[in-house]
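Enquirer: Predicted model, plus sequence, below.
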Amino acid sequence: MSESVQNGEAVLNPDKDIIASESRKLREQMQNLVEEGALRITINMEKVELVDSSGIGVLVGIQNALKNKGGELKIVNVSQDIYKMFKIMRLDKHITISQST
């Protein structure tokens, strides 16, 4: 997973699905970014085809941590199937989510 940080904004580019076997690593990486002062995190999900319940838990947890510090989580380039799932779960009411084009 590549990452870039500039002026309190971080962009993460996962290269694998966000599932149980990868969730811990993603959680730790995003928590480190928040602890280092990142207030806005964007996750580019261009290469992600699947998000399971563990992955959703990580995303919600980081959104809550960022919100408590006045920050924001954005998820971009989401596949149509993942976008539909996020919408059904009403995550789009709490996280800025945009589909891939």
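Expert: Good, I have the coordinates. As the structure is a computational prediction, the values presented were derived from the model and not from experiment.
Enquirer: Could you tell me the average pLDDT over the helix or strand hosting residue 98, please?
Expert: When elements are defined using DSSP states H and E, residue 98 is found to belong to strand 96-99. Averaging pLDDT along strand 96-99 yields 94.
Enquirer: what about it, distance to the chain center?
Expert: Taking C-alpha atoms, centre = their mean, to the nearest Å, the mean C-alpha location of strand 96-99 is offset from the chain mean by 11 Å.
Enquirer: Equivalent analysis for stretch 39-49, please.
Expert: Distance of stretch 39-49 from the chain centroid (C-alpha atoms, centre = their mean) equals 5 Å.
Enquirer: Tell me where this protein is predicted with low confidence.
Expert: 1-5, 101 (pLDDT under 70).
Enquirer: how about the strands in it?
Expert: Counting by DSSP state E, the segments of the chain that form strands are 2-6, 9-13, 40-44, 72-78, 96-99.
Enquirer: Could you dump these into TSV and include mean neighbour count and distance to residue 59?
Expert: C-beta here means a position set from N, CA and C on the backbone, and glycine is covered the same way. Conversion of the strands of the chain to TSV gives the following (neighbours: other C-beta atoms under 10 Å; distance: least, C-beta to C-beta, whole Å):
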stretch	mean neighbour count	distance to residue 59
strand 2-6	11	16
strand 9-13	18	11
strand 40-44	21	8
strand 72-78	19	7
strand 96-99	16	10
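Enquirer: Just put these in JSON lines and tack on distance to residue 31.
Expert: Written out in JSON lines, the entries for the strands of the chain read as follows (distance: least, C-beta to C-beta, whole Å):
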{"stretch": "strand 2-6", "distance to residue 31": "13"}
{"stretch": "strand 9-13", "distance to residue 31": "12"}
{"stretch": "strand 40-44", "distance to residue 31": "11"}
{"stretch": "strand 72-78", "distance to residue 31": "13"}
{"stretch": "strand 96-99", "distance to residue 31": "20"}
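Enquirer: Nearest to residue 33, out of those strands?
Expert: In this view, the strands of the chain are compared for proximity to residue 33 by C-beta to C-beta, and strand 9-13 is the closest at 4.7 Å.
Enquirer: That closest one to strand 40-44, inter-axis angle?
Expert: For the pair strand 9-13 and strand 40-44, the angle between their directions (axes from the mean of the first three to the mean of the last three C-alpha atoms, to 10 degrees) equals 20 degrees.
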